[in-house]
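Visitor: Sequence and predicted structure below; questions after.
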Amino acid sequence: MSAALVNAQAALTDLFAANEHLLHDFDVSLLSSDALAWLQTCKSQLLDVWLPDLQQRILALDLPRHSTALRSAELFWLYSLSALSALVLVPVLLLHRRAKPESPRSPRLRAPLDALLGLVTPTTSVWPAPYRATARHSIAGPAAALAVPVSRLLADVVGGSLELCGAAELQRFVAGTLERHGWRIVPRVGLAWRVYVVCRIACMCAAAWRPSIFHRTANVDTMPVKLSRLTAPDKAAPALHKLAPDMTMLSLDAVPFSKLESHIRALQRSLPPGSSAVVGFSTRGGSMSYLSTAFVQASIPYFARRHAIARPAPPGGGIAPTLGVEPAPLLTSLDRVLRLLAHGGAALSVESVQNVSAQYASFLERYVQELTEQAAVRARFVARWGMAGWREERLLVAWEAATFRAGLMSRWAVYVTRKA
């Protein structure tokens, strides 16, 4: 017998052994009766009848060395049948292993779905299909963990299919520490969201490099900042945000990233000599990759808005509840802002720097509470943005507060003075 046929015989024997091992170890209890009967028929026809007969024929085959064409033909059939066995039988076994559907009311799904109630509650009597699929995957996995797709969660809450349980639960979910009945409920960020965030960050960096091309807004250098009003809260400018009864600050978060430096230069020139101001801004909580789950979660309040951006505000109706298309907090660092404030033609003296992340999170949570509980506030917002926009605003502001609670974002209050 030729060496090629000997090698083919060994390969075919190994394939038979592998197939028999799969059939012996397969958990037939997961199959329905029809699927089990079909697999038994395939086994009897494929492995017990004609493939052993083919093996005997090949073993008895002794081809002369000069019969090159015949040997090639036999080897072609041998390798073809081996590939067919591997490509058809093995995938069929693996696919049928998971083919048995789970009923929405299956007892096996009850435990993970009950744990999921610690984060969201369905507005109907039956959980949406994606969360039943998440529960099935959690049952099949080795650890008691529910990986909830973030994009699906956002869409379902905004669409009204789900309702968040509370701010504390959302904070633990964003931080990856939410547990209920022995199950860990963690966020899962898909590849599409990661790529989208990286593309948005790349556009922001390009806009900062050549802002005249990518950002069509008025030149902030021509709009002086009236910081002297900071000393009179009753006459405060619209850009001022009250974070606590004893603290008022000028926020830089709404400034496009490409215009941040020029805005700070205008701020320095507008501050009268001998006066002081408090400047507030947000930054990333630490060093994180743009593709990381933490960074994507931190970017959701800035990049996930749909309704407030799609529908412009009425004339004279105020600003839209969005920070724009270039959210500076995602790329701004504390060191960079301090350097910009302390340098330049009208450099400011930095007197103190305070981390006010907890106070800012409380401010955001109070805003969500007002949107939810105060009928007049809710009615005005719904009249402008619709129910979907109202649900989106509540969700994204609560999510932003959770990022500050979880340490993904940080809020700073910098007290500066301009020397006389």
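Guide: Right, received. Where do you want to start?
Visitor: alpha carbons only for contacts and neighbour counts from here, please
Guide: Will do.
Visitor: Over to Ala347: give its phi and psi.
Guide: For Ala347, the backbone dihedrals (degrees, to the nearest 10) come out as phi -60, psi 140.
Visitor: Also Cys165?
Guide: Dihedral pair for Cys165: phi -80, psi -40, per degrees, to the nearest 10.
Visitor: Tell me where the stretch 301-420 of the chain is predicted with low confidence.
Guide: By pLDDT under 70, the weakly predicted segments of the stretch 301-420 of the chain are 308-325.
Visitor: 90 instead, please
Guide: 303-327, 343-347, 418-420 (pLDDT under 90).
Visitor: mind listing the strands for it?
Guide: Using DSSP state E, counting those that start in this stretch, the strands of the stretch 301-420 of the chain run over 349-355, 409-417.
Visitor: Need the winner for burial among those strands.
Guide: When you average the neighbours per residue for each of these (mean count of other CA atoms under 10 Å), strand 409-417 leads with a mean of 21.
Visitor: In terms of secondary structure, what does that strand contact?
Guide: With contacts defined as 3 or more CA pairs under 8 Å, 6 or more residues apart in numbering; DSSP states H and E, the packing partners of strand 409-417 are strand 276-284, strand 349-355, helix 357-373, helix 375-405.
Visitor: To Arg184, which of these lies closest?
Guide: Nearest to Arg184 among the helices and strands packed on strand 409-417 is helix 375-405 (17.7 Å), distances taken as CA to CA.
Visitor: still on that earlier bit, could the strands of the stretch 301-420 of the chain go into a markdown table alongside distance to Trp193?
Guide: Shown next, in a markdown table, are these (distance: least, CA to CA, whole Å):
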| stretch | distance to Trp193 |
| --- | --- |
| strand 349-355 | 30 |
| strand 409-417 | 19 |
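Visitor: Nearest approach to Ser287 belongs to which of these?
Guide: strand 409-417 (10.6 Å).
Visitor: Relative to the closest one, what are the paired strands and their orientations?
Guide: strand 276-284 (antiparallel), strand 349-355 (antiparallel) (DSSP bridges).
Visitor: got these as JSON lines, with distance to Arg378 columns?
Guide: Formatted as JSON lines, those follow (distance: least, CA to CA, whole Å):
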{"stretch": "strand 276-284", "distance to Arg378": "27"}
{"stretch": "strand 349-355", "distance to Arg378": "31"}
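Visitor: if we can go back for a sec, most neighbours per residue, which of the helices and strands packed on strand 409-417?
Guide: Burial among the helices and strands packed on strand 409-417, expressed as mean neighbours by mean count of other CA under 10 Å, is greatest for strand 276-284, which shows a mean of 22.
Visitor: picking up where we left off before, of all the strands paired with strand 409-417, which one is nearest Ser410?
Guide: Distance to Ser410, taken as CA to CA, is lowest for strand 276-284 among these, at 5.3 Å.
Visitor: Only alpha carbons, please: show the closest one as CSV.
Guide: Provided in CSV are the C-alpha atoms of strand 276-284 (Å, rounded to 0.1, in the frame of the first residue of the first chain):
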residue,chain,number,x,y,z
SER,A,276,-12.2,86.2,41.3
ALA,A,277,-14.2,83.5,39.7
VAL,A,278,-15.0,79.8,40.1
VAL,A,279,-14.6,77.7,36.9
GLY,A,280,-16.3,74.3,36.8
PHE,A,281,-15.6,71.6,34.2
SER,A,282,-15.7,67.8,33.9
THR,A,283,-12.9,65.4,32.9
ARG,A,284,-12.4,61.7,32.5
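Visitor: and the angle for that strand with helix 375-405?
Guide: Calculated by axes from the mean of the first three to the mean of the last three CA atoms, to 10 degrees, strand 276-284 forms an angle of 70 degrees with helix 375-405.
Visitor: Using the three-state scheme, assign Asp253.
Guide: Here Asp253 is recorded as coil under DSSP: H, G, I helix; E, B strand; the rest coil.
Visitor: That'll do, ta.
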